[in-house]
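[1] Provided below are the primary sequence and the corresponding predicted coordinates.
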Amino acid sequence: HLQLVESGGGLVQPGGSLRLSCAASGSAFDYYALGWFRQAPGKEREGVSCISIKDDGTTYYGDSVKGRFTISRDNAKNMGFLQMNSLKPEDTAVYYCAVGLYCTWLEDEWDSWGQGTQVTVSS
């Protein structure tokens, strides 16, 4: 299994931007789908975005982040990214990256998870 480490979280004002990174250690990263999930206090974890394996590269977004967030990956560096623009207070959550065989919003289908990084959107 790949090991994943997220970074890039922090405190940002509404309307601001953050770029989250997900560093993967291990082999065959480019043969995994990469997903981002988030969990706000008192809420269930929800899917944010996903990008398929290298030969496909199809991207998916949750309705609440479409048009504001962009997922990408650099397979040569075993890295995944989530560019978050026009952030809102309701985007406040712990953000997790995950890898699996295909894109799905079902958490049980993902093979490995990072430890999460906190994103707080507040003035």
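    Right, received. Where do you want to start?
[2] can you tell me which residue is nearest the centre of this structure?
    Nearest to the mean C-alpha position of the chain, by Cα atoms, centre = their mean, lies residue 36 at 2.4 Å.
[3] Test my guess that that residue contacts residue 48.
    Yes - between residue 36 and residue 48 there is a contact under Cβ atoms under 8 Å: 4.4 Å. Backbone N, C-alpha and C define where each C-beta goes, glycine included.
[4] Pull up the overlap in contacts between these two.
    Both residue 36 and residue 48 are in contact with 82, 95, where contact means Cβ atoms under 8 Å, 6 or more residues apart in numbering.
[5] Output the below-cut-off pLDDT ranges for the protein.
    By pLDDT under 70, the low-scoring segments of the chain are 54-55.
[6] where do the strands sit along it?
    Along the chain, counting by DSSP state E, strands occupy 3-7, 10-12, 18-25, 33-39, 46-51, 59-61, 69-74, 79-84, 93-100, 110-113, 117-121.
[7] ok and the third one relative to strand 93-100, angle-wise?
    Taking axes from the mean of the first three to the mean of the last three Cα atoms, to 10 degrees, one finds that strand 18-25 is oriented at 40 degrees with respect to strand 93-100.
[8] now do the fifth one
    Comparing the axes of strand 46-51 and strand 93-100 via the same axes, to 10 degrees yields an angle of 50 degrees.
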